[in-house]
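Q: my questions concern the predicted model and sequence given below.
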Amino acid sequence: MVIKQFFIILAALFIGYSISVVFHLPIPSNVAGLIILFTAMCIGIVKEKHVDKVSDFIIKYLAIFFVAPTVGIVQYFNLIGNQFFYIIVPLILSIIIGLFAAGMTTQLIIRIMDKKQLLAEKKGLGGNDIK
Amino acid sequence: MILSEFFSMNPISGMLLTIGCYWIGYAIFEKTKLTILQPILTSSLIIIAFLIFADIPFEVYNDQNMVLNYILPLTAVVLAVPLYRNIHVMKKHAFPILAGITAGTLATMGSLILIGKLIGTNNQILVSMLPKSATNPIAIEVSGIIGGMPFLTVSLVVITGIFGGILGPEILKLMKIKNEVAKGIALGSMSHAIGTVRAFKEGEVEGAMSSLAMAIAGTLTAILSPLYVLLI
């Protein structure tokens, strides 16, 4: 039922808001709501079928909600015009550095763990030979 | 003048414009499948051109989109669902995945501040740039909390997504990052939903990893931004 799904999602946001206000958390209430809904799903209080329809719909058309805020850039045209170079250079470079850091870290650790596993398997085989 | 009065008079015109232009943008994207022609980019550009042409202030247009703006906070909460669906792909490589997302998020925010400070980027702009790799539902809220300009952040998030979505896989190839898991993690952590769509084109594993990384990196950005902002 769509209403029930909407209620559960709204409830997660409600609890997230309450928690971030009560504990003065510097994280947005909707991120707190995300963490709460995710935790509730992992524990099993909320099942995937309880929220899937409304979530899928919102996620599919997520970008619509951000059209008006994106249009809001018109308010900063003057500011950006002067700062264009100072925005685009750190933006692009930091994305490239981030891609490298995320990709290389993941790849290196996977390789090291695979090698260790391979070594362990070889040792295991060696042990069998002695027996 | 007459057009702007007509527009302001009817409270439905703003949302009609938003949905209509998004429809056009979506149709263009479906036809061309070009990453650069993101519906949010084309629709925003059409609306900006229209507002300037018709001399309609942004505030008037934005007020008429309040219905969408009220539901906006919900859009971050529902990201829990794809995160939950993809969490199983993490079982085998949980440690390298979490380490990769954390390294990427720390590095991109750290290098952004460092480079911005070195070349002398305006401080308030730099603050607004900080959550640029997070998905928009998270980035817009984070920007407000850390004292940035949320509307500027949203645009930068879109540019970041498009850049990573178009050039991300090529850049990763140059860096000799070939592992499927690593590629997906890098794309999702750096360029959120737009990067994830591209990751799915690269492969199933890349796509699943990317959607996982997008939610975790976004959450991490929300937690880390208030600390990073102290450096600016």
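A: Structure's in. What do you need? Please read these numbers as outputs of a predicted model, since none were measured by experiment.

Q: the helices in chain B, which residues?
A: Here chain B has its helices, by DSSP state H, at B:2-9, B:13-32, B:39-54, B:58-63, B:66-71, B:74-77, B:80-86, B:94-119, B:123-129, B:136-145, B:150-174, B:180-202, B:204-228.

Q: can you put those helices in JSON lines and add mean pLDDT?
A: Below are the helices of chain B laid out as JSON lines (pLDDT from 0 to 100):
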{"stretch": "helix B:2-9", "mean pLDDT": "89"}
{"stretch": "helix B:13-32", "mean pLDDT": "96"}
{"stretch": "helix B:39-54", "mean pLDDT": "95"}
{"stretch": "helix B:58-63", "mean pLDDT": "95"}
{"stretch": "helix B:66-71", "mean pLDDT": "90"}
{"stretch": "helix B:74-77", "mean pLDDT": "92"}
{"stretch": "helix B:80-86", "mean pLDDT": "92"}
{"stretch": "helix B:94-119", "mean pLDDT": "97"}
{"stretch": "helix B:123-129", "mean pLDDT": "96"}
{"stretch": "helix B:136-145", "mean pLDDT": "95"}
{"stretch": "helix B:150-174", "mean pLDDT": "95"}
{"stretch": "helix B:180-202", "mean pLDDT": "95"}
{"stretch": "helix B:204-228", "mean pLDDT": "95"}
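
Q: redo those as TSV? Include distance to chain A.
A: (Each C-beta comes from the backbone N, C-alpha and C, glycine too.) Converted to TSV, these look like this (distance: least, C-beta to the nearest C-beta, whole Å):
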stretch	distance to chain A
helix B:2-9	14
helix B:13-32	5
helix B:39-54	4
helix B:58-63	5
helix B:66-71	5
helix B:74-77	4
helix B:80-86	4
helix B:94-119	3
helix B:123-129	6
helix B:136-145	3
helix B:150-174	3
helix B:180-202	4
helix B:204-228	4
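
Q: contacts only, for residue B:153.
A: By C-beta atoms under 8 Å, 6 or more residues apart in numbering or on different chains, residue B:153 lies in contact with B:128, B:129, B:131, B:132, B:139, B:140, B:142, B:143.

Q: how about residue B:168?
A: So residue B:168 contacts A:99, B:186, B:187, B:190, B:191, B:195, B:198 (C-beta under 8 Å, 6+ apart).

Q: cool, residue A:19 as well?
A: Residue A:19 neighbours (C-beta under 8 Å, 6+ apart): A:25, A:29, A:32, A:36.

Q: for the first one, list the residues it contacts.
A: With contacts defined as C-beta under 8 Å, 6+ apart, the neighbours of residue A:25 are A:19, A:32.

Q: ok so, going back, let's see if you can find the most crowded of the contacts of residue B:168.
A: Within the contacts of residue B:168, most neighbours by other C-beta atoms under 10 Å in any protein chain shown means residue B:186, with 38 neighbours.

Q: show me what contacts that one?
A: A:98, A:99, A:100, A:102, A:103, A:106, B:100, B:104, B:168, B:172, B:177, B:213.

Q: before we move on, what about residue B:74?
A: A:9, A:10, A:13, A:30, A:58.

Q: residue B:194 too?
A: B:35, B:38, B:158, B:161, B:162, B:164, B:165.
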